[in-house]
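1. show me the folded form of this:
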Amino acid sequence: MWHSARLAYKEEYELMFEQTSVNFDVGMRILFRWANKIALYYLK
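-> The predicted structure is shown next:
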């Protein structure tokens, strides 16, 4: 999954969502949506 790789990048480099958003030119809302979907997937 492409979006999970981006969130893994965020965790690896201890970046805030805003910094990750700028690095990948992705909106904050999209990052939060991805994070929520991934969290819900792993909580099943």
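2. buried sites along the lengthiest helix in the chain?
-> For the chain, the helix that runs over the most residues, judged by DSSP state H, is helix 28-43. In terms of neighbour count (16 or more other Cβ atoms under 10 Å), helix 28-43 has its buried residues at L31, W34, A35. Where you see a C-beta, it was placed from the backbone N, CA and C, and this is true even at glycine.
3. run the chain-centre distance for it.
-> Between the centre of helix 28-43 and the centre of its chain there are 7 Å (Cα atoms, centre = their mean, to the nearest Å).
4. equivalent analysis for stretch 24-40, please.
-> Offset of stretch 24-40 from its chain centre (Cα atoms, centre = their mean): 5 Å.
5. any idea of the mean pLDDT for that stretch?
-> If you average the pLDDT over stretch 24-40, you get 86.
6. now that stretch - C-alpha only, PDB.
-> Backbone C-alpha positions of stretch 24-40 (Å, rounded to 0.1, in the frame of the first residue of the first chain) are rendered in PDB as follows:
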ATOM      1  CA  PHE A  24       4.900  14.500   0.000                       C
ATOM      2  CA  ASP A  25       2.700  17.300  -1.300                       C
ATOM      3  CA  VAL A  26      -0.400  15.600   0.200                       C
ATOM      4  CA  GLY A  27      -3.100  17.400   2.100                       C
ATOM      5  CA  MET A  28      -3.500  17.100   5.800                       C
ATOM      6  CA  ARG A  29      -7.000  15.800   5.500                       C
ATOM      7  CA  ILE A  30      -5.800  12.900   3.300                       C
ATOM      8  CA  LEU A  31      -3.100  12.000   5.800                       C
ATOM      9  CA  PHE A  32      -5.500  11.900   8.600                       C
ATOM     10  CA  ARG A  33      -8.000   9.800   6.500                       C
ATOM     11  CA  TRP A  34      -5.200   7.300   5.700                       C
ATOM     12  CA  ALA A  35      -4.100   7.100   9.300                       C
ATOM     13  CA  ASN A  36      -7.600   6.400  10.500                       C
ATOM     14  CA  LYS A  37      -8.200   3.700   7.800                       C
ATOM     15  CA  ILE A  38      -4.900   2.000   8.700                       C
ATOM     16  CA  ALA A  39      -5.700   2.200  12.400                       C
ATOM     17  CA  LEU A  40      -9.200   0.700  11.900                       C
END
